[in-house]
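In: 3D model of this:
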Amino acid sequence: MNCEVCQLKELEVEHFEIREVFRCILHTIFFHRALGLVYPKDIDLELFEITYLQCVDVELERKIDEKIDQFIDRVEKHPNKKNQICLSFYEVKNKQATWFSNKIERLYWEQWHINLNVVYHPKEHPAEARTVRHTALESALSEVLFQIIRFVNEKKDHIPPIPNLEGVSFPYEITISSSSESAFGMDMLKRMLQTGHPTMLS
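Out: Have a look, this model is predicted:
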């Protein structure tokens, strides 16, 4: 199966901006890859003059917030590293049973790499400089949202048939890594080749 990969533009954010930026990006992707008819919800960002759409699904919101919490925890433990979240959609296939087990195979068909560079500016940072940085981030975040929309409109042939599952999303997983770790790409390749019992979030 062909796995399409979208490497989103890297964003430079401060610690207090992480949660809102990630929510905006992840919910935008999930909305455009939603299964069938969904109830859309307009979300106005508190920090930026940006509005995005998200699916009304309590469980999806909970899982996204849980993963963002893990990302923030990682940033606090490793403050000098650029960090990445990878959202992967996959299809579930039953492999031929062996004497020992009946394997479930994940066939990855799309991956989104979201890169954040978390910076720390002193409180005495000039107000004018903070305003310029904030405006630049708002513009860059808007570019990322348009990048997502362009990708979902152009890349459709690789999407598998809609599975008979509850919820608004295809099966997915969200992983976190430092983008400076050279092993990250190999780790994701291994995940694409692995078999195992599928989980909606790992």
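In: what's downstream of the longest helix belonging to the chain, the next helix or strand?
Out: Taking DSSP state H as the criterion, the chain has its longest helix at helix 127-154. Next helix or strand after helix 127-154 toward the C-terminus (DSSP states H and E): strand 172-178.
In: helices and strands around the longest helix of the chain, which ones?
Out: Contact here means 3 or more C-beta pairs under 8 Å, 6 or more residues apart in numbering; DSSP states H and E; on that basis helix 127-154 packs against strand 4-7, strand 11-14, helix 18-32. Heads up, the C-betas are built off the backbone N, CA and C, glycines and all.
In: and the angle from that helix to helix 18-32?
Out: 20 degrees (axes from the mean of the first three to the mean of the last three C-alpha atoms, to 10 degrees).
In: which parts of helix 127-154 are buried?
Out: Neighbour-count burial for helix 127-154, counted by 16 or more other C-beta atoms under 10 Å, picks out Arg133, Leu137, Leu141, Val144, Leu145, Ile148, Phe151, Val152.
In: repeat for stretch 42-61
Out: The neighbour-count check on stretch 42-61 (16+ other C-beta under 10 Å) flags Ile43, Leu45, Leu47, Phe48, Tyr52, Gln54, Cys55, Asp57, Leu60, Glu61 as buried.
In: Just these: which are in helices?
Out: Of the buried residues of stretch 42-61, the ones assigned to helices by DSSP H are Leu60, Glu61.
In: thought Phe170 was touching Leu87?
Out: No: using C-beta atoms under 8 Å, Phe170 is not in contact with Leu87; the gap is 10.8 Å.
In: pLDDT value on Lys93, please?
Out: For Lys93, the pLDDT comes out at 80.
In: picking that back up, quick check: the farthest pair among the buried residues of helix 127-154?
Out: The largest separation in the buried residues of helix 127-154, counting by C-beta to C-beta, is between Arg133 and Val152 at 29.1 Å.
In: how many other residues sit next to the residue nearest to Ile25 when sequence neighbours are not counted?
Out: Nearest residue to Ile25, sequence neighbours excluded (C-beta to C-beta, 6 or more residues apart in numbering): Ile114, at 5.6 Å. Summarising burial for Ile114: neighbours were counted as other C-beta atoms under 10 Å, giving 26.
In: Tell me what Ile114 is bridged to.
Out: With DSSP bridges as the criterion, Ile114 is bridged to Ile85.
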